[in-house]
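Colleague: Pasting the sequence and the predicted coordinates here, then a few questions.
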Amino acid sequence: MPRCLALLLACLLPLSASAADRYRLDPVHTRVLFAVEHAGFSQALGTVSGSEGVLEFDPDDWRGAHLEVVVPIARLDLGDDKWNQATLARNLLDGQRHPQARFVSTRVEPVDAHNARVHGLLTLRGVTREIALDVRLNALKRHPLPPFRRTAGFSATATLQRSDFGIDAWRSVIGDQVELRIEAEAVRDDKASAPDAASEAPAGDDDAQAAADAATRLSPQPESRP
């Protein structure tokens, strides 16, 4: 009898371990919105599109969820080309040497059936820090449009300090606290794999100087008086 019980448990363990489905992040319907104070006048808003990643998720077991995602920092958009160049300059995000941000979850704290707090490691500008995302599951169902794949939709928010990642230039103009809002869709895909990290190459002197010049052009200038 004990032997039969052991065999039964051995058969059930693989089934329980594979309860979580694998999802591929949809880069078209996934976007990161960020807000940061602009000289005390307003909150500057920007977005980053094109994120890729893989999610393992079982709605009945949030604790077993795992997320790995890459955000293409070079696709940052603040609505103005010069402002984009200044933000990606070497003294801020350094987008040429660090074109991606990467988030890997480490643990999940369920709140209820639709909400959880996801802790993980964010690597930004070559610096890795732990952050927490407040995540809400919006829907998990068959998509109404072809190819009718099972799709999960999430909303998330987080707060970070840019100085924690070594991004401390223009303190009198750019706030330290950055608010994040993330809207994401993921399509079930058993063959989904974690995205590759981009190689980080040193920036050329000309490119670095051009970026610095762009940042200088966007800095506040003294008012001229008659």
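Modeller: On my side now, so go ahead.
Colleague: OK, contacts around the residue nearest the centre of the chain?
Modeller: In the chain, the residue lying closest to the centroid (CA atoms, centre = their mean) is Val71, at 5.4 Å. Counting by CB atoms under 8 Å, 6 or more residues apart in numbering, Val71 touches Val32, Val48, Ser51, Gln100, Ala101, Arg102, Phe103. The way it works is simple: take the backbone N, C-alpha and C, and place the C-beta from them, glycine included.
Colleague: Could you identify the buried members of the residues you listed?
Modeller: If you count burial by 16 or more other CB atoms under 10 Å, the buried members of the contacts of Val71 come out as Val32, Val48, Ser51, Gln100, Ala101, Arg102, Phe103.
Colleague: What's the separation between the fifth one and Pro110?
Modeller: I take that to be Ala101. Distance, Ala101 to Pro110, by CB to CB, to the nearest Å: 26 Å.
Colleague: rewinding a little: what about the buried ones among the contacts of Val71, which are in strands?
Modeller: In strands, judged by DSSP state E, the following of these are found: Val32, Val48, Gln100, Ala101, Arg102, Phe103.
Colleague: ok so, going back, quick one: the residue nearest to the centre of the chain is in a helix?
Modeller: No: the assignment for Val71, made by DSSP: H, G, I helix; E, B strand; the rest coil, is strand rather than a helix.
Colleague: before we move on, the earlier item: turn the ones in strands among the buried ones among the contacts of Val71 into JSON lines, columns for distance to Leu93.
Modeller: As requested, these are exported to JSON lines (distance: CB to CB, whole Å):
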{"residue": "Val32", "distance to Leu93": "13"}
{"residue": "Val48", "distance to Leu93": "10"}
{"residue": "Gln100", "distance to Leu93": "11"}
{"residue": "Ala101", "distance to Leu93": "9"}
{"residue": "Arg102", "distance to Leu93": "14"}
{"residue": "Phe103", "distance to Leu93": "16"}
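Colleague: now the strands: where do they sit in the protein?
Modeller: All strands of the chain, identified by DSSP E, fall at 21-25, 31-38, 42-49, 52-57, 66-72, 76-77, 100-110, 115-124, 127-142, 150-161, 174-188.
Colleague: ok so, going back, reformat the contacts of Val71 into JSON lines and put pLDDT and distance to Arg22 next to each item.
Modeller: Shown next, in JSON lines, are the contacts of Val71 (pLDDT from 0 to 100; distance: CB to CB, whole Å):
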{"residue": "Val32", "pLDDT": "98", "distance to Arg22": "22"}
{"residue": "Val48", "pLDDT": "98", "distance to Arg22": "24"}
{"residue": "Ser51", "pLDDT": "97", "distance to Arg22": "17"}
{"residue": "Gln100", "pLDDT": "97", "distance to Arg22": "22"}
{"residue": "Ala101", "pLDDT": "98", "distance to Arg22": "22"}
{"residue": "Arg102", "pLDDT": "98", "distance to Arg22": "19"}
{"residue": "Phe103", "pLDDT": "98", "distance to Arg22": "17"}
